[in-house]
Every structure is written in C-alpha cells, then in structure tokens.
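>>> pasted the sequence and its predicted model underneath.
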Amino acid sequence: MIISKKSKETIDSCRFCWMCRHTCPIGNATGQERNTSRARALSLSLVLRGSSELTPDIIDNVYECALCGACTKECVTGWDPVAFTKEVRLQIAMESKSPPYIEKMLDNMEKSGNIYGIMSFDKNLSREIEALPQKADILLFLGQDARYKAPKAAVNAIKLLNKADVKFTVLMDEPDSGYLLDTLVGAAEETRQAMKKAAKVLSEYKTVVAFDPADAKTFLREYKEWDIPQSADVVTFTSFIEELIGNGKLKPKNIHKTVTLQDAAHLARDLEETEPFRKVVGSCADVKEMLLNRRDTMWAGNLLMNEYIPDVMTKVASERWTNAIASGADALVTASPSEYAVLSKCKPESMELLTLEELVLLSLK
C-alpha cells in the first residue's frame, strides 16, 4: 500500500491513542471499537508492516469513516486521521479493490451524472428552475443531494431567494462539485477533472451561492488545496441569507418556536462558520443550544453513506435526536439537505424537523 510519509506517521501515532474515540459519530452509534480512528489506524498499520493484506473487511472499515473531522478537531497533537483515510481510499481504487457498493456509485456517476443513478428530475423542482432567468450574475448551486434526494429543500431555497427579490439562476444541468468523488476515491485524476469542470462553469458568474455545506467546503477549501482557480465569489447559503436579512431584503418575524441547531460539520469545522446559521435562526425563533454544538458538533449522517450502511446512518441520526430532545426544544433545524434527509428517517413524534430555508419561509408568512 503506497501512501505518503505523513499519513504513515499519522497511522503510527493514532494506532495506540484513544484521545478522540468519544467524538466519533459512527463509533458512538454502533458501539464498535472498529469504527474509531484508533482502530482504523491499528488495522492499517498491520497492512503497512506486511502483517496483513488489505482485506475486504479492512476496506469496508475504511469506508465506514464519515470524514466528518471530529477526530482531527479533537487531536491536540495535530494529527489528521481524515487525511490518511482519504489516501487509503485512493490506494484502494488504484488497486481495483473498491467494494461493490462504491463501484456501483461510481458507475452511477458515469452513467447518470449522480451517484444515486436517478435519471428523472423532480417535477416541482424542474418547474421552479425553468421559471428562473437563464442568465444572471448570481448562481444558486444546489448540489446532488438536494437535486435528487431532497428536492423539497431545493424548491424552498429557490422560493426564499425569490422572496428576497434576488436576481439569480439555477442550472438544470449542474456539474458535480467534485465533493462526492473526493469522498469516494480521494485525490484521483477523475476528481481533479470533475473539479476543473465545475470551476469552469462557476467562473461564468460573479457570485455562487453554495446551498449544500459539502459543496461550499469543496469550493472554498478543496479547490485551493488542489490549486484549481475560480473567479467567482463563492459564499455559503447560510451567510448569504444572513446578509439578505441584514440588508432588509428578508424581514423574518419571530414565530415563537423553540428550536435547537444541528451544525453541519463542513460549515462548523472545515469552514469555521457557525454564527450566520445562529443569526438567521435567531431572527425566526428562540434558540436552545444542543450538546456538542458549533465546532464540536456531532455529525448526524449523510445520504452518501446511507446508500451502503443505512442502518448505521439511522443509528447516527437517532443519537443526534437524543441530544435534540435533551435540549428542551420543540424543533431541530439543519442547514444540510443531506443531514435533513437522514434525520427525517427516525424523527421522533415529539419533535419537528425543519430546514433553514423552511424556517425562514415560515417566519415570513
């Protein structure tokens, strides 16, 4: 297995350290030591030393990591388990050892343009997109999860910008940001080409509003690390809505719901953006903070991993619902369409689940 010296050093450092084990959302949900960064490093150290082969079980374990960065954030010595996990995923792909469930998603991407293999488009979303101008200075970039798995959230995002009288457009044929390939196979040439293709499309606009935190993180951080130039001003959907409220284009009223917030890891940890979400929600409702918030947020699952370990994603989301209920709030609000979709699978009857745009729309009525 060929990986960088830095990743080898990280594996050696992590394999006997338990410092971050309590922060892993997968490990907490399954109760299995194998799902922690320490256990993953231990098994990979055996491969590097020739004591074990890269077996299907070890490969599965590499894909059980959420890449949420909770372990990296917790490490006081500065090691990054996410980095070695992504490097190993690349090596797995290069050795043609990707598991069938990953190969299926990669095949879907090639055939249909999305990992889910969905060929049709939601009618309501199509209608909203077609009603927008084809040309505008502002592009709302929806992302694959919202477009194919959470179209209601995408529709509400469009409606909210229309309420603010924003002149914008949405692409019917939207390219992949590169996030999904970066997650599945890491720093492969296919990932670079996907990012370059998306960057070329984005460069046609002055401002790109990234609806999905995963895409925002890819545009704002990964493109810089990959040295992929882009001329557009990329902003997160949360910060864009905060600005619209700040300049009076949106005037929400407090609807006196008591809500708690599910911080998206890509926003809170990767981009270190936490306050725009709170300012927007705080203008619409009364906020009670949940255990593990802001940069300490506990990831609540995603649609990508729901494709191959759906039971685990339900457990992860259920853990977060336990925290939400303990906050004493009546509703949980999320800015991630992916987390929203997974959280909705196990929503308790005692609580309401809202997307950020849904909450703001309610406050404008």
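Here it is on my side, so go on.

>>> make it CA atoms for all contacts and neighbour counts henceforth
Noted.

>>> what sits against residue 164?
Residue 164 is in contact with 244, 249, 250, counting by CA atoms under 8 Å, 6 or more residues apart in numbering.

>>> would you mind giving both backbone torsions of it?
Per-residue torsions, residue 164: phi -90, psi 0 (degrees, to the nearest 10).

>>> mind checking pLDDT for it?
At residue 164, the model reports a pLDDT of 98.

>>> of the contacts of residue 164, buried ones?
When those are checked for burial by 16 or more other CA atoms under 10 Å, the buried set is 244, 250.

>>> Three-state assignment for residue 332, please.
When classified by DSSP: H, G, I helix; E, B strand; the rest coil, residue 332 comes out as strand.

>>> next one: it, what pLDDT does it get?
98.

>>> right, and it touches residue 261 too?
Yes. Using CA atoms under 8 Å, residue 332 is in contact with residue 261, at 5.9 Å.

>>> restricted to helices, list the contacts of residue 164.
Among those, DSSP state H puts residue 244 in helices.

>>> specify which member of the contacts of residue 164 is nearest to residue 49.
residue 244 (55.2 Å; CA to CA).

>>> need the pLDDT of the closest one.
98.

>>> how about residue 45?
94.

>>> does it lie in a helix or a strand, and which?
Element membership of residue 45, judged by DSSP states H and E, is helix 37-48.

>>> what's that helix packed up against?
helix 5-14, helix 56-62 (3 or more CA pairs under 8 Å, 6 or more residues apart in numbering; DSSP states H and E).

>>> ranking those by burial, who's on top?
helix 5-14 (a mean of 18; mean count of other CA atoms under 10 Å).

>>> could you identify the helix or strand that succeeds it?
Downstream of helix 5-14 (by DSSP H and E), the next one is helix 25-30.

>>> residues in contact with that next one?
Against helix 25-30 from outside (CA under 8 Å, 6+ apart): 21-22, 33-36, 64-66, 298-300, 312, 315-316, 319.

>>> report the buried residues of that helix.
25, 26, 27, 28, 29.

>>> cool, and stretch 320-327?
Buried positions in stretch 320-327, judged by neighbour count with 16+ other CA under 10 Å: 320, 321, 323, 324, 325, 327.

>>> quick one: average pLDDT of it?
The average of the pLDDT scores along stretch 320-327 is 97.

>>> which residues are contacting it?
Stretch 320-327 is contacted by residues 260, 288-291, 298-300, 332, 343, 347-348, 351 when judged by CA under 8 Å, 6+ apart.

>>> which PyMOL command selects the buried ones in these?
Filtering the contacts of stretch 320-327 down to the buried ones (16+ other CA under 10 Å) takes a single PyMOL command:
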select buried, resi 260+288+289+290+291+298+299+300+332+343+347+351
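
>>> what's the closest of the contacts of stretch 320-327 to residue 86?
Checking the contacts of stretch 320-327 against residue 86 with CA to CA, the nearest one is residue 299 at 18.0 Å.

>>> distance of the closest one from residue 343?
From residue 299 across to residue 343, the span is 11 Å (CA to CA, to the nearest Å).

>>> ok, so of the buried residues of stretch 320-327, who is nearest residue 267?
Once CA to CA is applied, the member of these that ends up nearest residue 267 is residue 320, at 17.3 Å.

>>> distance from the helix or strand encompassing the closest one to the middle of the chain?
Under the criterion of DSSP H and E, residue 320 resides in helix 310-326. Relative to its chain's centre, helix 310-326 lies at 16 Å (CA atoms, centre = their mean, to the nearest Å).

>>> alpha carbons of that helix, as PDB, please.
Below are the C-alpha coordinates for helix 310-326, written out as PDB (Å, rounded to 0.1, in the frame of the first residue of the first chain):
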ATOM      1  CA  PRO A 310     -28.400   2.700   6.000                       C
ATOM      2  CA  ASP A 311     -28.900   1.000   9.400                       C
ATOM      3  CA  VAL A 312     -25.800   2.800  10.800                       C
ATOM      4  CA  MET A 313     -27.000   6.100   9.400                       C
ATOM      5  CA  THR A 314     -30.300   5.700  11.300                       C
ATOM      6  CA  LYS A 315     -28.400   5.000  14.500                       C
ATOM      7  CA  VAL A 316     -26.200   8.000  14.000                       C
ATOM      8  CA  ALA A 317     -29.200  10.200  13.400                       C
ATOM      9  CA  SER A 318     -31.000   8.700  16.400                       C
ATOM     10  CA  GLU A 319     -28.100   9.600  18.600                       C
ATOM     11  CA  ARG A 320     -28.400  13.200  17.500                       C
ATOM     12  CA  TRP A 321     -32.200  13.200  18.100                       C
ATOM     13  CA  THR A 322     -31.400  12.200  21.700                       C
ATOM     14  CA  ASN A 323     -29.300  15.300  22.100                       C
ATOM     15  CA  ALA A 324     -32.000  17.400  20.400                       C
ATOM     16  CA  ILE A 325     -34.700  16.200  22.800                       C
ATOM     17  CA  ALA A 326     -32.500  16.800  25.800                       C
END
